[in-house]
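Peer 1: predicted structure and sequence below. I'll ask about it afterward.
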Amino acid sequence: MGDHGRVARDRHRRTADHRLRHPLVLRGLPAPLLPLDGRPRPGRAGPVLLLRAGPTREGARLTAAPLPPRFEPAALERRWQEAWDRADLGRAPDRPSSASFSVALPPPNVTGDLHLGHFLGNTVTDLLVRRSRMAGTPTLWLPGIDHAGLSTQVAVRAHLAKEGVHLEDMTREQVIARVESWKQDHERRILNALRVGGFSLDWSRYRYTMDPAYGRATRRAFVQLYNAGLVYRGERFVNWDPALRTAVSDLEVEHSEETARLLYVTYPWADGSPGGIVVATVRPETIFGDVAVAVHPDDPRHAGAVGRTVRVPLVDREVPVIADPGVDPTFGNGALKITPRHDLLDFEIYQRHPGLPMPPDVIDPEGRLTSDWVPVRFRGQDREEARSWVTEALQGAGLLDHETPYLHAVGRSERSHAVIEPRLSTQWFVRMAPLAPAAVEAVRRGEVRLYPARWELTFFRWMENVQDWCISRQVAWGHPIPVYYCPACQQMMAAEEPPTRCDRCQQSPLTPDPDVLDTWFSSWLWPFATLGWPDETPDLAHYFPTSLLETGRDIMFFWVARMMMASYYFLGRPPFTAVFFHGILRDEEGRKLSKHLGNSPDPLDLVRDRGADALRFALVFPNPVDQDGVFGPATLDNARNFLTKVWNLVRFAQSHLPDGTDPPDRAPVLTDDSPLENRWILAKWRSTVEQFDQALRAFEITRAAGLLHSFLWYDLADRYVEVSKEALAGRRGEPLRHETRAVLLFTLERTLRLLHPLVPHVTEELWHSIPHRGDLLALARWPAAEEAPEDPEALVAMEVVYSAIRTLRNLRTENRLAPSSLPPAWVRPSGDDTAAVFRTQRAVILQQARVGALEFLATGTPPPAGSAPSVTVHGEFYLALPTGGSPAERLALERERDKLATLLQKTEQRLADAGFRDRAPPEVLKATQEKARDLADRVRRIEEHLAAEATPGSE
RNA sequence: GGGCCGGUAGUCUAGCGGUGAUGAUGCCGCGCUUACAACGCGGAGAUCGGCGGUUCGAAUCCGUCCCGGCCCA
């Protein structure tokens, strides 16, 4: 870097030092960005700002310090994150005057750190949020975190276990204190990661699902549903997690196929007659809770058994054989032992047979055998352990008839992975059936749109047979259930604030319900509780319903569907009008990224390595965001390479834009003398913007990113810049140099704006290094396609030019011409239009194809001897060879001829078909005929060349 | 058991009735030409999962089978 650069840098460093005395204070949040690991570094007052080319007070910047040759993201990303914080970029207006765009960040769980999936979703959202903000729409992206009750408690429990401390030995208050400190730590790390990613959230509206106001919203929701009879308490079969000693909801159970031993156990006849009835079971340890053996009423094998009495093995308790249609006669021998407290089907059958006694639980909340129905020697044994002991005992008693391996679905707790114990217990439930129709209708009517739309099917299917939701949890960490009991009269009261005395008998004190609410019972209020509900706040008025929910489809039922049900119930409106589901990331071997497999990189490591912008870009391109996609080092390098390309492009532009160049307030006005490349690049930019906007409107994120990628790299860098170098160097005159600078600057500056929402840091840096107006690119106006003129002819003409260039370059390569050589070339254009393009663009073709001359061949004129021919749609091209025709050339021609001949044959066949001629639309017929003519023509010309070369002495 | 999604060059992917089937990456050849070797230029590489049907015409629509992934029970 030259002296000029050093001076400029020093100047900015002074500015930065000045700013240090006014540290940024975010409402309620720690201001300084932390090191990437989220741990504050001791001994430093605050971040050192190294502003190299920061925002300028005067607005219009002339030329900034030259960019360093290498793109090194770390320092510049930090610098711009701080600049955005200073500008309060994410802060949404309190009283917007026009329709808003709002998004609620799916609150990350305080259990863990931000993973790549979060970065993916946040990149998509930030792209839309930043674009919306630049377009002048009042924009809110509201951040927050989720207390994630059960999963946080599990994480803390595991953590404490390593220190030899057991959560179960602690009081509720102690547990909450431990979890709270865990939460503090993770909250800091999550917030840091969100800022390291460059996500433009409104920190002033930061929320937490356990903050006091949120607690009130949660209680309000509960009480309202309770009063409407939609929340009830009852004894039901629930999924019991014996490891965590709590009920969990159906959604928190994962089913997987596992092989078990299916035991055929003999229940001897009570009257002492030989034999008995053979019952198949995978859970012999539950036999102590048996109250009957059931068979299907139509099962001839057991017709004689119904009404008789058998003895339960090992305990000799007598139970009846009953007939019930609920028994599946194909399972085992068709006889089922009935254990009403430990199986839902058994319970249902039990209920249909009055007269049967209700046994005690023979398995306790921790999964151990219990009760005096269980022989003493088995009591206290874990259910899994007891299974083998009981099996052995059955064998010893001669009652184990035989056994077979049996593949069946086993439910495991999502959190603890313990096998779920179906358990009859008293819990709180939400009736879902009355809530579901509004949400289903919303999607059906298009009031809420799902992207990609295929998820609608899955959504409908689930909603249509939604089950009641068990919302009570027997853990410490969570919102307490706002229900109170009177010890005197047993009165039960649900109330937002704890009542002081019983509303029936006036007794006090009251006993609060010991359970807490399922985390999702607070999460399902997120889009409106964060905006102030149940109060009618201005935020709720201005920013609700939100515009978008961006999330993974794995929580469609847990969260998305429930938010819709809650929102329609409590507010009568949708919580959001669009849902975008991103895919699941896989590694390069196609495995799902997961902590468990250890193949899930820490996003912060990737940021440190390649920068947040590269990571953002890699997450949306080239693998489609809305499908499960591959993410690996190659993808990330690809993104980094692209950003380096952009970096270098701007470096090039910068070196050609002298001090004093005006910022591009509008597109340069072209004249009749303007060269094709200037007309073309503006038109191309315009069409890129049109397509880009269209893609974003359709949530085609990857296509949108691809459009900018190819425009910048292939159109702007590879073509426009290469063609314009002569003009920029001043070798085509000052007026053209001036115009070309203006076109280059306009195109580049506007393209940086387009790219900014996707890769905000590097674009901000680059934007500040070229002439621009304004303090921050993040606050610049979103470009309109109409700023540049339409020019379809220029678009076509440039394609013709580049087709010629590619043809000639190909001839050079095939014939192994030295890179430095400038051989003459000839062309016989295929038509007048083409001829005109070649005539006016001769200089461009000469320069880009590196040919010394381009002459036109009149019809009938034979091609120059010893030249290499190539026949394309745009004409015949000939390149002079130093040694005449070459074998390589002949081979290439023959190949081309064969390819075209095959095509021609296929085309002619189609034309010969009477059905095609009669039924194909006229324009298709005409196009096909033209194609056949063109192909025949080209085949003939190639044949001529081959024949000419084969003739001896033709040189 | 029920359902959904996908199967297109080595890999990933676009197209979803008329194309010479996108594009990226990887691969091969040439080249450090002062924005860029994290690059440029050129090239090779695909019977569009199999079979059958509809149609003048199928990667595209229908049926069926096979393979992979996911969800629900």
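Peer 2: Structure received.
Peer 1: and the residue nearest to residue A:920 when sequence neighbours are not counted, which of the three is it?
Peer 2: Leaving aside its chain neighbours, residue A:920 sits nearest to residue A:928 (7.6 Å; criterion: C-beta to C-beta, 6 or more residues apart in numbering). Yep, even glycine has a C-beta here, placed from its N, CA and C like the rest. Here residue A:928 is helix, with the state taken from DSSP: H, G, I helix; E, B strand; the rest coil.
Peer 1: what count of nearby residues applies to residue A:928?
Peer 2: Residue A:928: 17 surrounding residues under other C-beta atoms under 10 Å.
Peer 1: got the contact list for it?
Peer 2: Residue A:928 makes contact with A:907, A:910-911, A:920 under the criterion C-beta atoms under 8 Å, 6 or more residues apart in numbering.
Peer 1: again, only using 7 Å
Peer 2: Taking C-beta atoms under 7 Å, 6 or more residues apart in numbering as the contact definition, residue A:928 lies against A:907, A:910-911.
Peer 1: for the closest residue to RNA strand B within the stretch 501-650 of chain A, the count of nearby residues, please.
Peer 2: Across the stretch 501-650 of chain A, no residue is closer to RNA strand B than residue A:641, which sits at 3.0 Å (C-beta to the nearest atom of the strand). Neighbour count for residue A:641, taken as other C-beta under 10 Å: 13.
Peer 1: do residue A:899 as well
Peer 2: Burial of residue A:899 is recorded as 11 neighbouring residues (other C-beta under 10 Å).
Peer 1: count the neighbours of residue A:783 for me.
Peer 2: Using other C-beta under 10 Å, residue A:783 is surrounded by 23 other residues.
Peer 1: if I pick it, what's in contact with it?
Peer 2: Residue A:783 makes contact with A:689, A:750, A:753-754, according to C-beta under 7 Å, 6+ apart.
Peer 1: what do you get for residue A:288?
Peer 2: A:315, A:362, A:373-374.
Peer 1: ok, residue A:809 next?
Peer 2: Listed by C-beta under 7 Å, 6+ apart, the contact set of residue A:809 reads residue A:849.
Peer 1: okay, and it sits in which element?
Peer 2: Secondary structure from DSSP states H and E places residue A:809 in helix A:792-814.
Peer 1: show me the shaky parts of chain A.
Peer 2: Chain A contains residues with pLDDT under 70 at A:1-64, A:589-590, A:596-597, A:883-888, A:949-955.
Peer 1: how about residue A:276, phi and psi?
Peer 2: phi 170, psi -160 (degrees, to the nearest 10).
Peer 1: can you name the residues bridging to the spatially most central residue of chain A?
Peer 2: Nearest to the geometric centre of chain A sits residue A:582, at 3.1 Å (C-alpha atoms, centre = their mean). In this entry, residue A:582 is beta-bridged to residue A:552, by DSSP bridges.
Peer 1: that one is in contact with residue A:555, isn't it?
Peer 2: No - Residue A:582 is beyond contact range of residue A:555, at 11.6 Å (criterion: C-beta atoms under 7 Å).
Peer 1: mind checking which helix or strand the residue of the stretch 501-650 of chain A closest to RNA strand B is in?
Peer 2: Counting by DSSP H and E, residue A:641 is found in helix A:633-656.
Peer 1: give me the nearest residue to residue A:268, chain neighbours excluded.
Peer 2: Using C-beta to C-beta, 6+ apart, the closest residue to residue A:268 is residue A:276 (3.9 Å).
Peer 1: show me what contacts that neighbour?
Peer 2: For residue A:276, the contacting residues are A:266-269, A:310, by C-beta under 7 Å, 6+ apart.
Peer 1: chain center to the helix holding residue A:641: distance?
Peer 2: Relative to its parent chain, helix A:633-656 has a centroid offset of 25 Å by C-alpha atoms, centre = their mean, to the nearest Å.
Peer 1: what is it packed up against?
Peer 2: helix A:603-610, helix A:612-620, helix A:734-755, helix A:760-768 (3 or more C-beta pairs under 7 Å, 6 or more residues apart in numbering; DSSP states H and E).
Peer 1: okay if I get those as CSV plus distance to residue A:333?
Peer 2: Output for those, formatted as CSV (distance: least, C-beta to C-beta, whole Å):
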stretch, distance to residue A:333
helix A:603-610, 56
helix A:612-620, 56
helix A:734-755, 70
helix A:760-768, 68
